[in-house]
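>>> Below are the sequence and a predicted model; questions follow.
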Amino acid sequence: MTLNALLDLDVFSDDFPQPLTLRAYLQHLFTALLNDETFSAKRPFGNGGWKFDVYATLIRAGAVTGTLDADGGVCTVDLPQAQQRLTDLVAQLLQSSAPAAAPPGAPAPRPPFIQPPEDPIADPRTALFQAIVQDALDTLPDLRDTLDETFAQVNQVTERRSVHLVDTRTLVGHLSTPGPTVAVMYPTDDDHPNPLDLPTVSHYYLVMHDERIGDVLHVARLEGQPAEFTFTDGISDYHAL
């Protein structure tokens, strides 16, 4: 089932009087995030556990491994798989949304710096990596200028155990040499890593590294906060190469 087909499935939630499509449910979620200054990621609509309403829909569709009880509630679920599928669906929703009309005289919007894979379900690690880097680039224009257009074509994304945080995993994007690599991992202030943890679009630590001079810069994003530079001392040396 395609991502767009999944977005058209119904979500049953006690927070709403009638079922909503997953597409409409996520749109309500983003609207609440933008308009409610007291927005709670745990209880965006009043009740906790909202993700499990979404997971139940994905389990019924066979898009996520899990089981449901007689009332349609989640009994078991593959959480890393479910979280990744939800991340893919959010990316698809944002890509398929029609852009708002620009005011007269406004500059043309910049195209996505990193092109998503053709099938994010078949290539979830690459899709996640690209979504994280795109988030950092959208938030930090200087990062886009540093990476230059050479990073638009990532030829390989690998997954390995993180050396910065025990039992978590790192995604590394490789470019043709010479050139930088970019690694994304969980922020190193996370005191309770899960052995199955991968970074998410809203919670990651990004390191740009060049073999000739070492680390060029670090970018961190914590849940609920925008991405920000934490180390940029190597940028001038990198541009001087």
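Right, received. Where do you want to start? Numbering: from 1, shown residues only.
>>> going forward, measure contacts between C-alpha atoms and count neighbours the same way
OK.
>>> Give me the distance between the most centrally placed residue in the chain and Leu217.
Central residue of the chain (C-alpha atoms, centre = their mean): Val201, 2.7 Å from the mean position. Val201 sits 18 Å away from Leu217, going by C-alpha to C-alpha, to the nearest Å.
>>> Is Pro80 within a helix or a strand, and which one?
helix 79-96 (DSSP states H and E).
>>> got the buried residues for that helix?
By neighbour count with 16 or more other C-alpha atoms under 10 Å, helix 79-96 contains the buried residues 79, 82-93.
>>> Same list, these, but as JSON lines with pLDDT and distance to Gln156 please.
Converted to JSON lines, the buried residues of helix 79-96 look like this (pLDDT from 0 to 100; distance: C-alpha to C-alpha, whole Å):
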{"residue": "Leu79", "pLDDT": "89", "distance to Gln156": "25"}
{"residue": "Ala82", "pLDDT": "89", "distance to Gln156": "24"}
{"residue": "Gln83", "pLDDT": "88", "distance to Gln156": "22"}
{"residue": "Gln84", "pLDDT": "90", "distance to Gln156": "19"}
{"residue": "Arg85", "pLDDT": "89", "distance to Gln156": "21"}
{"residue": "Leu86", "pLDDT": "87", "distance to Gln156": "23"}
{"residue": "Thr87", "pLDDT": "88", "distance to Gln156": "20"}
{"residue": "Asp88", "pLDDT": "88", "distance to Gln156": "19"}
{"residue": "Leu89", "pLDDT": "87", "distance to Gln156": "22"}
{"residue": "Val90", "pLDDT": "86", "distance to Gln156": "23"}
{"residue": "Ala91", "pLDDT": "85", "distance to Gln156": "20"}
{"residue": "Gln92", "pLDDT": "84", "distance to Gln156": "21"}
{"residue": "Leu93", "pLDDT": "81", "distance to Gln156": "25"}
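>>> got the contact list for the nearest residue to the residue nearest to the centre of the chain once chain neighbours are set aside?
Closest residue to Val201 apart from its sequence neighbours, by C-alpha to C-alpha, 6 or more residues apart in numbering: Ile132 at 4.8 Å. Shown in contact with Ile132 (C-alpha atoms under 8 Å, 6 or more residues apart in numbering): 184, 200-202, 204.
>>> Return the subset of these lying in strands.
184, 204 (DSSP state E).
>>> For the contacts of Ile132, which entry has the maximal number of neighbours?
In terms of neighbour count, Val184 stands highest of the contacts of Ile132 at 28 neighbours, by other C-alpha atoms under 10 Å.
>>> In terms of pLDDT, where does that residue sit?
Per-residue confidence (pLDDT) for Val184: 86.
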